[in-house]
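Participant: missing the sequence, but the structure's below:
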């Protein structure tokens, strides 16, 4: 079986172009179209400072029907006032012209620097050029996924295929995100990071159900990844369902679709953590035995966002005091005397006291690309998982030198 | 007038020694004693993982009377279980023997690595040696302030003198703190960072009033400074009043004492921000016009703790989008269309839109040692001030290489 990609689900085409927004000359405009009106759902940043494409996108996706997505990188079209909204709407009009649909059926997206008006002359020719490149080959998928990247070092894609009533359904997605990552995507008015994720499926599914499943999947994936805990003005995750495949209606079909969607979103989220600015490793933080789910999440996020913990992980240092104190400082119920902390499966702290371990050997085990931090609290049954990356000198270099 | 110092207020003596806890051989044990029972108040970390000296300290200060303080650096005596509590109590006994008082009249303090038992043999001889060095000269003050330092590059001291009813009152203090700084000191069970601050005064003042004024002063000083927003297991600020000076009883005297105490605490807090690990500058963040004080604080802290903002400041980059989006992501009421942001007094964002400014000239102005970020929200009358420092490669180096 050939490798699945964004355009494997039936009914989609994509195109990309270099409009000259990025000074590097790389592709920076892309469109993704569905051949027919697609069921659609999206979640957006919860930041009260949200970009123009988020505002227009919320309005356009409200109907539950979209024909496509238009997106640019290199400029966030955020903090650009009324002109920014007009520009986001023009992006929709330009893509709608290609699709032969209403501008209201297009979801706009932007990522890049905040506070600069879009160079619309470049976007006009760029979107037209992308429209002339449309196709559904793996190459077209890659072109779309590459055009949305900013400080990302690698493209991020995921896809799954499974059967409903003997017929294949596919869910695929691409995303971008490396810095300003700490998404808190919510319905209507979303959670934090510039993370953009676009998903396709050929399932036949109602917009209402698609929305519900996307929210649930986002919470366990995009909303569980943090690089710098900085919610962006532009975070968006959207899914379009062409309806050309089997229908998702029975509870069994819904469960399988939901699991598959979650696995795609989780794969994309993990790829963001792995490609976090300056990252050398992914840190998976599991908090279990918490008194409530919100407590578990608060502790996992406090650990994930502590610069001290992230630096220790960068230095392969089993400095567990920083981890335990991060759990204790976030307001969640926590009792060190009932807690155990494991690094890479090795207990380092147990019921209020240091566990006996060999620092050199644990340090060596932390040198892997994937690090697991596991805190059990002994207070209840709630758990949460969060992914982050280490904090390196390179992160500082990238963000001190990314000039306005 | 000679320079005021920790032991300028009448009735205090201090001594320090190198007990060999720090591998550098620098002084690491100190005691501060009052010649008579002092009114005393203290605020401690709010971290649910609190060190043994915090536990014992809370018990001992509850009476409102102390004779002294014993403190070590190089080891936090945190996550050390029952043995840690016994060791903290023994530190009190050893200091009490020097002072000729009950161990309950001593406040213990520790700072350094988490999860290691105190080397009590070293502490026994160290505290005895410090007890033989007691004095109240400027040299003794410096010896005390230096012995509590860890990753600090500079000592931190402040003192003021003012008159009540024609007689001088003095308030002085020293503190330590450079990393794991984000104190949230509270009464009884406190807020975040390893920050230790010890203050002396010769005012005659009740413990209850002293406590109230210390809480208020801490909120506008120690609790408003953050380096890495990591609440420590050991944060403590304590004040001892010898009662050898004029009485603080009238409302006028209380107001003046309160102002003076706040100015000493604020000076110490600012010195912590300036000496933050890897810091090259202090960033003062003023949020005004917020709908509530808690909103103003939340926004100021979100800006202060954003790694993206801190890196931009390190790179002298007027990347105001990161600042505005930090304000928008923290949950506080915020409307970009009513807000204005100034960097070094220069408007860079105004009512939802970029302000016209010369990036090169603002960037040049950010190269100063003191940077002012001023966000006015247009929503109400509440304001908050927070101090932080920039995030540098050096911060990563310090914290990736501070090995367990």
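Facilitator: Yes, it's here. Quick caveat: nothing in here was measured; it's all calculated off a predicted structure.
Participant: Every contact and neighbour count from this point should use C-alpha atoms.
Facilitator: Fine.
Participant: mind listing the helices for the stretch 301-404 of chain A?
Facilitator: Assigned by DSSP state H, counting those that start in this stretch, the stretch 301-404 of chain A shows helices spanning A:307-314, A:320-329, A:359-365, A:393-400.
Participant: Nearest to chain B: which residue in the stretch 151-300 of chain A?
Facilitator: Minimum separation of the stretch 151-300 of chain A from chain B (CA to the nearest CA) falls at residue A:231, amounting to 5.8 Å.
Participant: That residue is in contact with residue A:195, isn't it?
Facilitator: No. Contact criterion CA atoms under 8 Å: residue A:231 and residue A:195 do not qualify, at 9.1 Å.
Participant: When these two are compared, which one has more neighbours?
Facilitator: Counting neighbours by other CA atoms under 10 Å in any protein chain shown for residue A:231 and for residue A:195 shows that residue A:231 has the greater number, 33 against 30.
Participant: re the thing from before, please list all residues in contact with the residue of the stretch 151-300 of chain A closest to chain B.
Facilitator: Residue A:231 makes contacts with A:45-47, A:180-184, A:191-194, B:325-326, B:329, as judged by CA atoms under 8 Å, 6 or more residues apart in numbering or on different chains.
Participant: can you redo the helices of the stretch 301-404 of chain A as TSV with mean neighbour count and mean pLDDT?
Facilitator: Below are these laid out as TSV (neighbours: other CA atoms under 10 Å in any protein chain shown; pLDDT from 0 to 100):
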stretch	mean neighbour count	mean pLDDT
helix A:307-314	27	96
helix A:320-329	27	94
helix A:359-365	16	95
helix A:393-400	21	92
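Participant: Spell out which parts of the stretch 1-150 of chain A neighbour chain B.
Facilitator: Taking CA under 8 Å from any CA of the partner chain as the criterion, the neighbours of chain B within the stretch 1-150 of chain A are A:46, A:47, A:48, A:49, A:79, A:80, A:81, A:113, A:114, A:115, A:116.
Participant: in what helix or strand does the second one lie?
Facilitator: Translated: residue A:47. Take DSSP states H and E as the rule and residue A:47 turns out to sit in neither a helix nor a strand.
Participant: excluding its backbone neighbours, what's nearest it?
Facilitator: Among residues not flanking residue A:47 along the chain, residue B:329 sits closest, at 4.4 Å (CA to CA, 6 or more residues apart in numbering or on different chains).
Participant: quick one: contacts for the one you found?
Facilitator: By CA under 8 Å, 6+ apart, the contact set of residue B:329 is A:46, A:47, A:48, A:49, A:192, A:230, A:231, A:232, B:302.
Participant: Which residue comes closest to residue A:197 once chain neighbours are left out?
Facilitator: Closest residue to residue A:197 apart from its sequence neighbours, by CA to CA, 6+ apart: residue A:175 at 4.0 Å.
Participant: Could you list every helix and strand that the helix or strand hosting the one you found packs against?
Facilitator: Taking DSSP H and E as the criterion, residue A:175 maps to strand A:167-176. When contacts are defined as 3 or more CA pairs under 8 Å, 6 or more residues apart in numbering or on different chains; DSSP states H and E, strand A:167-176 packs onto helix A:138-147, strand A:156-164, strand A:196-201, helix A:251-274.
Participant: Looking at the helices of the stretch 301-404 of chain A, which is nearest to residue B:222?
Facilitator: helix A:320-329 (16.0 Å; CA to CA).
Participant: and stretch A:277-285, is it in reach of chain B?
Facilitator: No. With CA under 8 Å from any CA as the criterion, chain B is not reached by stretch A:277-285; the gap is at least 10.9 Å.
Participant: quick revisit: and the pLDDT for the residue of the stretch 151-300 of chain A closest to chain B?
Facilitator: pLDDT recorded at residue A:231 is 87.
Participant: who's in contact with the closest residue to residue A:111 other than its chain neighbours?
Facilitator: Spatial nearest neighbour of residue A:111, chain neighbours left out: residue A:76 (4.1 Å); criterion: CA to CA, 6+ apart. Listed by CA under 8 Å, 6+ apart, the contact partners of residue A:76 are A:51, A:110, A:111, A:112, A:113, A:114, A:115, A:116, A:234.
Participant: hang on, the earlier thing: of the contacts of residue A:231 - the most surrounded one?
Facilitator: In terms of neighbours by other CA under 10 Å, the contacts of residue A:231 top out with residue A:183 at 38 neighbours.
Participant: Save the helices of the stretch 301-404 of chain A as a markdown table, and put in distance to residue B:265 too.
Facilitator: Shown next, in a markdown table, are these (distance: least, CA to CA, whole Å):
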| stretch | distance to residue B:265 |
| --- | --- |
| helix A:307-314 | 25 |
| helix A:320-329 | 23 |
| helix A:359-365 | 39 |
| helix A:393-400 | 31 |
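Participant: Relative to residue A:336, tell me which of those helices wins on proximity.
Facilitator: Per CA to CA, nearest to residue A:336 of these: helix A:320-329, 7.6 Å.
Participant: Report the inter-axis angle for that closest one versus helix A:307-314.
Facilitator: Counting by axes from the mean of the first three to the mean of the last three CA atoms, to 10 degrees, helix A:320-329 lies at 150 degrees to helix A:307-314.
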